[in-house]
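Asks: Got a sequence here, can you build the structure:
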Amino acid sequence: MTLQPKKLRASRSCKPAPVPTRTQVAALCYRDRRKQGRQILLVTSRGSGRWILPKGWPIKGLNASGAAKQEAWEEAGVRGKISNEPLGSFHYKKRLDDGSRAICEAQVFAMKVAGLSNKFPERDERERKWVSPQTAAKMVSEPALQNIIRDFQG
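Replies: Numbers count the residues shown, from 1 in each chain. From the prediction side, this is the model:
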């Protein structure tokens, strides 16, 4: 008796190959005010003008939180103390300089703001705004980032 191999059928449950993700780092900049309570600083993106956290690519020679702190300075003029442990991460689609899109995962680090400068590298390219955590969560687009902001206790 000779065994014949079964013919394999393509499975309907095959998932496409995962899209490679690129890593970014973000700073959740916050301050506590007596009357207003906790506030979160958002900035506009340069391309679409959406409200986002200051974020960017990892920087050679800096750890992830150090790079997030540098991005907070460049994009929002923030000085302060940043946590070394991330609050969480979120995924989003980023338009790259060449026009293509990439899926990015941004690690979010809490940064207690000690000072805010009006002279910072991207001051002419962005707006910044202090808002309550509830308002900040409504202003950003990514559901996982909305949850990070809502859950943030400092």
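
Asks: So for stretch 44-60, what gets flagged as buried?
Replies: 44, 51-56, 58 (16 or more other CB atoms under 10 Å). C-beta: built from backbone N, CA, C; applies to glycine.

Asks: now swap in stretch 85-105 and tell me
Replies: Applying a neighbour-count criterion of 16+ other CB under 10 Å, one finds 86-90, 92, 104 buried in stretch 85-105.

Asks: among those residues, which two are most distant?
Replies: Farthest-apart pair in these is 87 and 104; separation 16.7 Å (CB to CB).

Asks: ok, back up a step: out of the buried residues of stretch 44-60, who's nearest residue 152?
Replies: For these, the nearest to residue 152 is residue 53 (11.1 Å; CB to CB).

Asks: where does residue 30 land in three-state SS?
Replies: strand (DSSP: H, G, I helix; E, B strand; the rest coil).

Asks: Out of the buried residues of stretch 44-60, the closest to residue 72 would be?
Replies: Minimum distance to residue 72 across the buried residues of stretch 44-60 is 4.5 Å, recorded for residue 54 (CB to CB).
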